[in-house]
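S.K.: Could you look at this predicted model? Sequence included:
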Amino acid sequence: MSLIEFRTEGIYIPRADVFIDPWKRVKKALITHGHSDHSRWGHHSYLCTHQSKPIIRHRLGNINIQSVAFGEEVNINGVKFTFFPAGHIVGSAQIKVEYKGEIWVISGDYKIENDGISGLFEPVKCHRFVTECTFGLPIYSWVPQESIFNQINKWWQHNQENETTTLLTGYTLGKAQRLLAGVDSSIGPIYVHGAIENMNAVIKSCGVQLPDTIHLTPDVPKSDLAKALVLAPSGSTGTGWMRQFKEVSIGNASGWMQLRGARRRGGADRGFALSDHADWEGLNWAVKQTGAERVYVTHGYTDIFCRWLQSEGFNAEVVKTQYEGELSEESNMSSEVDD
Ligand SMILES: [Zn+2]
Ligand SMILES: [Zn+2]
């Protein structure tokens, strides 16, 4: 019996009768992180990290959910499971699965750069590594976040001089908190869209420190917003919600902004290539760090990344899953955007 099987419901561990990030309803689901393509509604029970628990509860309501600390070993029918930091969003984990000396690691989504709130990606030695590759093309090469945040701060200050509101968009879970943690909050007031306000409250309850923000409600006078930074989900820019701004400059923070044209299509004035996923170099680094001889590629530019790994001498294959990339995470969050 293989320790792990790729089934139509998700990644399955037969000996323990549990799934990791399943996309169909199952009895017991171990969850890497709170994004909607990895933690879906309808499972009988959930197991995740302590920090992911309030996030998943916030998204899915009153579910049967238990949590563990990073590094804490859980034994299910003799199979040992341990959650390690994935550095992707608050609470995100890779899951190590071990049975009689055989070790697999399921990465979920991950990024290498330390954003200060999501934990530091920790390479885990294993025989088989199951990896995402959302940005698995050589053109995706992130510049250090310090440089991106300098650009954002300068843009905000420039807008202030022109009495123009700075509206920065990014997805509600993960990107919004990373932006908050990274911008220079001494520049001016920071307002947030209701969906982000709610998510921030949950994230703060996990013990994560974020700068003070003001909930942007219809009774905030337009004049108060001239020097402000406003954080909102990307989906909000095409809606009536925009009427509350006089002069506004729109920026979007996403890995896709690395590509010319993506910004224009998104209707933004500025694009900031800031991603919560590993870039090409990061993916390659992570795979090598695990020491795995077999690599399974789950979502993103799977065919290209898999062929590249094969040419590098890895025994690599593409696995069909229902995980989605950064853009889809945004659209999946849109139900929370309307609130
Ligand atoms: Zn994710
Ligand atoms: Zn994902």
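M.R.: Received, thanks. Ligands and ions are numbered 1, 2, ... in the order given.
S.K.: show me where pLDDT drops low in the stretch 51-200 of the chain?
M.R.: The model of the stretch 51-200 of the chain has no residue with pLDDT under 70.
S.K.: Near ligand 2, which residues of it are found?
M.R.: Selection of the stretch 51-200 of the chain residues close to ligand 2 by CB under 5 Å from the ion yields Asp109. (C-beta placed from N, C-alpha, C; glycine too.)
S.K.: can we see that at 6 Å?
M.R.: By CB under 6 Å from the ion, the part of the stretch 51-200 of the chain that sits against ligand 2 consists of 109, 132.
S.K.: Where do the strands of the stretch 51-200 of the chain begin and end?
M.R.: 65-68, 73-76, 79-85, 93-99, 102-106, 128-133, 165-169, 190-192 (DSSP state E, counting those that start in this stretch).
S.K.: what's the closest of those strands to Thr213?
M.R.: Comparison of the strands of the stretch 51-200 of the chain against Thr213 by CB to CB identifies strand 190-192 as nearest, at 4.7 Å.
S.K.: And the contacts of that closest one?
M.R.: Strand 190-192 has contacts (CB atoms under 8 Å, 6 or more residues apart in numbering) with 176, 180, 183, 200, 211-216, 220, 225, 228-232.
S.K.: quick revisit: of all the strands of the stretch 51-200 of the chain, which lies closest to Glu122?
M.R.: Glu122 sits nearest to strand 79-85 of all those, at 4.8 Å, using CB to CB.
S.K.: what angle separates the closest one from strand 102-106?
M.R.: Angle, strand 79-85 to strand 102-106, by axes from the mean of the first three to the mean of the last three CA atoms, to 10 degrees: 40 degrees.
S.K.: Show me what strand 79-85 is packed up against.
M.R.: Contact here means 3 or more CB pairs under 8 Å, 6 or more residues apart in numbering; DSSP states H and E; on that basis strand 79-85 packs against strand 73-76, strand 93-99.
S.K.: Mind putting the ones you listed into JSON lines with distance to Cys126 and mean neighbour count?
M.R.: Shown next, in JSON lines, are the helices and strands packed on strand 79-85 (distance: least, CB to CB, whole Å; neighbours: other CB atoms under 10 Å):
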{"stretch": "strand 73-76", "distance to Cys126": "15", "mean neighbour count": "13"}
{"stretch": "strand 93-99", "distance to Cys126": "7", "mean neighbour count": "24"}
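S.K.: Spell out, range by range, the helices that occur in the stretch 151-300 of the chain.
M.R.: Taking DSSP state H, counting those that start in this stretch, the helices of the stretch 151-300 of the chain run over residues 175-182, 194-205, 262-265, 280-290.
S.K.: Between those, which one is closest to ligand 1.
M.R.: helix 175-182 (10.3 Å; CB to the ion).
S.K.: what angle separates that closest one from strand 165-169?
M.R.: Angle between the axes of helix 175-182 and strand 165-169 is 130 degrees (criterion: the same axes, to 10 degrees).
S.K.: got the angle for helix 175-182 vs helix 194-205?
M.R.: Orientation of helix 175-182 against helix 194-205 (the same axes, to 10 degrees) gives an angle of 60 degrees.
S.K.: Off-centre distance for helix 175-182?
M.R.: 12 Å (CA atoms, centre = their mean, to the nearest Å).
S.K.: Okay then, goodbye and thanks.
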